[in-house]
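*Asks:* Build me a model:
(chains A and B)
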2 protein chains.
Amino acid sequence: MQPRSSSPPPLKRARRTDSPPYTSDTPNGHVHASGSGSGLQQQLQPLSLSILGVEPLDEFIKEIADFVHHMIMTRPDYPTGKVEVEAKIGVLRDRASGQRFALPVLVETILAPGATDTRFESNMSANQHKNFNTLLNNLKTESPNTASSLDYSHLYLKDTFYPMEGNDREKIRVTKNEKTNAVVECMRKIRLGDLNVYSPKREADWRISVNLEIPMSHPVGTSTHSRRKDRMSYAHEEFKIDLTQVTSTMSPNAPQQILHELEIEIARSDFLLATALKRGDPNVSEHERSAFDELIRAFVNNARILVRNSSEGWQ
Amino acid sequence: MQPRSSSPPPLKRARRTDSPPYTSDTPNGHVHASGSGSGLQQQLQPLSLSILGVEPLDEFIKEIADFVHHMIMTRPDYPTGKVEVEAKIGVLRDRASGQRFALPVLVETILAPGATDTRFESNMSANQHKNFNTLLNNLKTESPNTASSLDYSHLYLKDTFYPMEGNDREKIRVTKNEKTNAVVECMRKIRLGDLNVYSPKREADWRISVNLEIPMSHPVGTSTHSRRKDRMSYAHEEFKIDLTQVTSTMSPNAPQQILHELEIEIARSDFLLATALKRGDPNVSEHERSAFDELIRAFVNNARILVRNSSEGWQ
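*Replies:* Predicted coordinates:
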């Protein structure tokens, strides 16, 4: 990995709107299409974004926004339920071979759900984990190119899982602060859907998950298993980035399993739902109508930046 | 297809730079990450583009720019050669079945060269061709959202192919104006490389080709075959969009074959080469250094807009 200082954040590339109008140095205004005629014009005049004057919609971000929106709008009706939208950084593996999944494509793309025999492994090496920790800490200290600050907290949590009566497949999770033993959260998580993103150019792939978290009263009875989470949690605007070392114990005598997880999630479920409801609504302002898509766009941008730094400096 | 009037060009979505700084309505400035606490903030405050304050590089456009740049910088040395960069709209077909090629992905992606058994068919239906003609003509008349004009010319051309001495695989192409019989061009085309783009959401795929066109003296001897081109040629800034009906005759007694082609190319080879030479050069201005990538970005945007309109109105 390159040290942080040798790979500064890239300059934002210039974005041009359709005004000021496209101009030319020549009176007839058509030197650009005139071929190699009267001398070479070396300077690139400001180009329109396209023949329509606009940038075509980003198909990738639109697909993810449509997916998340659909999951939200068709979710089961639990009035106390909190929608969780998160992206996990990890590796897609072929189920049969266990090898990293591959497709004959050159750039990041979204897999069609159910069309590949893959599983997503939310894990990375201890070294990658350490690199992310350094990178995020540096970002917190330096806050380069971003005027909003990165908040940070170090959490020691313990999740304990209990069976749910009448439902073999689901569990109730009780999360406690390991230091104070106070119950932080007690809930049941319903998986609504996932989208896998294959990133052939990077060391890691990623998965977007939409879940419904339903608060529950504290279960009685015996827990099935537990895990400890040593978590560095970074907060930036509408997002939370969690870098977690998870130590799982599946049964009292089983060896401990250690995983290193990185995920980014949309911080405020109620705000997410409010923007989702107004998506494309002709009766609200353009700003409100597009707030959901703007939120997803920043979410995807952040996930991409994390994935692209799974082996190198910030890029 | 939707009529033009019912599908206006989309609004350019807002792009925010990292200034003005991200602000909050609350004194502590952290309401965004505070969860569902003291009342819901319904308005989306301007979000940073990402935790780095910048938009991550578009992997797709970067890949194409790198490819075209590599083809240009490693081309064979023909001082009179003109580099042609074009995108053709058509369909990728599986060679074995003849069916449209498919991969289990949801969005447009670039195929790894040589990794799939596909061929690209530069053709569309007469109806699609007609739709494109209407769309481009409307764009010329209305020029919505774009201040630079679209130029237009209708060309009737005839290509005649001659064998090249000592080279069985290549041919010399003589292009004449069918009306005046004047020779427009006489050249040999060397294919440098192609990238295929698979577009699962659209009716069409596309291919980017880089060729070297070398001017030749008029060949003597007997031609092998010929084709007539009825071409509507639109010029916009640095690009040329050709909508062509090609009538081929492979031998005197063979039936005619009619194809409908749509391609966009970078208009000025010398300008393209000048920008390619300065790409990333630390000794030139940021503007000059990034001119090549800006040119490719507008080129890709235009190709995408064409592909996305292969079955519908402008979108």
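*Asks:* After the one helix or strand residue A:163 maps to, heading C-terminal, what element do we hit next?
*Replies:* Element membership for residue A:163 (DSSP states H and E) is strand A:151-164. Next along the chain after strand A:151-164, taking DSSP H and E as the criterion, comes strand A:167-177.
*Asks:* What are the contacting residues of that following strand?
*Replies:* Strand A:167-177 has contacts (CB atoms under 8 Å, 6 or more residues apart in numbering or on different chains) with A:155-164, A:182-190, A:216, A:218-219, A:223-224. Just so you know, the C-beta spots here come from the backbone N, C-alpha and C atoms, and that holds for glycine as well.
*Asks:* out of those residues, which are buried?
*Replies:* Among the contacts of strand A:167-177, the ones that count as buried by 16 or more other CB atoms under 10 Å in any protein chain shown are A:155, A:157-162, A:186-190, A:216, A:219.
*Asks:* So residue A:135, which state does it fall into?
*Replies:* helix (DSSP: H, G, I helix; E, B strand; the rest coil).
*Asks:* burial measure for it, as a count.
*Replies:* 19 (other CB atoms under 10 Å in any protein chain shown).
*Asks:* And the one 3 residues further on, by the same measure?
*Replies:* Burial measure for residue A:138: 16 neighbouring residues, criterion other CB under 10 Å.
*Asks:* The one 4 residues further on now?
*Replies:* By the criterion of other CB under 10 Å, residue A:142 has 13 neighbours.
*Asks:* ok, now residue A:181?
*Replies:* 8.
*Asks:* Which per-residue confidence value corresponds to it?
*Replies:* The model reports residue A:181 with a pLDDT of 95.
*Asks:* how about it, what does it touch?
*Replies:* With contacts taken as CB under 8 Å, 6+ apart, residue A:181 has no neighbouring residues.
*Asks:* Tell me if I am right that it is in a helix.
*Replies:* No: Residue A:181 sits outside any helix when classified using three-state DSSP, being coil.
*Asks:* Now do the buried residues in the lowest-mean-pLDDT helix or strand in chain A.
*Replies:* Lowest on mean pLDDT, DSSP states H and E among the helices and strands of chain A sits helix A:126-142, with a mean of 89. Within helix A:126-142, the residues scored as buried using 16+ other CB under 10 Å are A:128-129, A:131-133, A:135-140.
*Asks:* Specify the angle between it and strand A:151-164 in degrees.
*Replies:* Per axes from the mean of the first three to the mean of the last three CA atoms, to 10 degrees, the angle that helix A:126-142 makes with strand A:151-164 is 140 degrees.
*Asks:* by contact count, what packs against helix A:126-142?
*Replies:* With contacts taken as 3 or more CB pairs under 8 Å, 6 or more residues apart in numbering or on different chains; DSSP states H and E, helix A:126-142 sits against strand A:151-164, strand A:225-236, strand A:239-249, strand A:257-266.
*Asks:* can you confirm residue A:120 is in a strand?
*Replies:* Yes: judged by three-state DSSP, residue A:120 forms part of a strand.
*Asks:* wait, isn't it in contact with residue A:194?
*Replies:* Yes: with contact defined as CB atoms under 8 Å, residue A:120 counts as touching residue A:194 (7.4 Å).
*Asks:* Need the residues touching each of those two.
*Replies:* Common neighbours of residue A:120 and residue A:194 (criterion: CB under 8 Å, 6+ apart): residue A:207.
*Asks:* Pick out whichever of the two has more residues nearby.
*Replies:* Counted by other CB under 10 Å, residue A:120 and residue A:194 do not tie: residue A:120 has more neighbours, with 19 against 16.
*Asks:* and the more buried one, bridged to which residues?
*Replies:* Beta-bridge partners for residue A:120, by DSSP bridges, are residue A:92.
*Asks:* re the thing from before, the helices and strands packed on helix A:126-142: which one's closest to chain B?
*Replies:* strand A:225-236 (3.6 Å; CB to the nearest CB).
*Asks:* So what are the sheet partners of the closest one and their directions?
*Replies:* Sheet pairing for strand A:225-236, using DSSP bridges, gives strand A:151-164 (antiparallel), strand A:239-249 (antiparallel).
*Asks:* angle of that strand against strand A:167-177?
*Replies:* Strand A:225-236 and strand A:167-177 are oriented at 60 degrees to each other (the same axes, to 10 degrees).
*Asks:* For strand A:225-236, which outside residues touch it?
*Replies:* By CB under 8 Å, 6+ apart, strand A:225-236 touches A:133, A:136, A:140, A:146, A:148-161, A:178, A:240-251, A:267, A:302, B:30, B:32-33, B:48, B:51.
*Asks:* related to what we said a few turns ago, could the strands paired with strand A:225-236 go into JSON lines alongside distance to residue B:205 and mean pLDDT?
*Replies:* Below are these laid out as JSON lines (distance: least, CB to CB, whole Å; pLDDT from 0 to 100):
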{"stretch": "strand A:151-164", "distance to residue B:205": "45", "mean pLDDT": "94"}
{"stretch": "strand A:239-249", "distance to residue B:205": "35", "mean pLDDT": "95"}
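*Asks:* Distance to residue A:101 for those - can I get that in CSV?
*Replies:* Converted to CSV, these look like this (distance: least, CB to CB, whole Å):
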stretch, distance to residue A:101
strand A:151-164, 28
strand A:239-249, 23
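*Asks:* Tell me which of the ones you listed lies nearest to residue B:74.
*Replies:* strand A:239-249 (40.9 Å; CB to CB).
*Asks:* got the contact list for the closest one?
*Replies:* A:129, A:132-133, A:136, A:225-235, A:256-267, A:298-299, A:302, A:306, B:33, B:51.
*Asks:* which of the residues you listed count as buried?
*Replies:* Applying 16+ other CB under 10 Å to the contacts of strand A:239-249, the neighbour count classes A:129, A:132-133, A:136, A:226-229, A:231-235, A:259-267, A:298-299, A:302, A:306, B:33, B:51 as buried.
*Asks:* thinking again about what came up before, so which pair among the buried ones among the contacts of strand A:167-177 is furthest apart in space?
*Replies:* A:155 and A:190 (23.8 Å).
*Asks:* a strand runs through residue A:63, doesn't it?
*Replies:* No: under three-state DSSP, residue A:63 sits outside any strand and is assigned helix.
*Asks:* shouldn't it be in contact with residue B:107?
*Replies:* Yes: under the criterion of CB under 8 Å, residue A:63 makes contact with residue B:107 at 5.3 Å.
*Asks:* Which of these two has more residues huddled nearby?
*Replies:* Between residue A:63 and residue B:107, counted using other CB under 10 Å, residue B:107 has the larger neighbour count: 23 against 18.
*Asks:* Give me the pLDDT for that one.
*Replies:* Here the pLDDT value assigned to residue B:107 is 98.
*Asks:* which SS class is residue A:271?
*Replies:* helix.
*Asks:* What is the burial count for it?
*Replies:* Around residue A:271 there are 23 residues (other CB under 10 Å).
*Asks:* my guess is it contacts residue A:238, does it?
*Replies:* Yes: if you go by CB under 8 Å, residue A:271 and residue A:238 touch, sitting 7.1 Å apart.
*Asks:* ok, residue A:311 - contacts?
*Replies:* Shown in contact with residue A:311 (CB under 8 Å, 6+ apart): A:1, A:128, A:202-204.
*Asks:* same check, this time on residue A:118
*Replies:* Contacts of residue A:118 (CB under 8 Å, 6+ apart): A:92-95, A:101, A:111, A:196.
*Asks:* next one: residue A:136
*Replies:* Residues near residue A:136 by CB under 8 Å, 6+ apart: A:150, A:152, A:232, A:234, A:241, A:243.
*Asks:* The last one: how many residues sit nearby?
*Replies:* In other words, residue A:243. Neighbour tally, residue A:243, other CB under 10 Å: 23.
*Asks:* try the fifth one
*Replies:* One way to gauge burial is a neighbour count; for residue A:241, by other CB under 10 Å, it gives 24.
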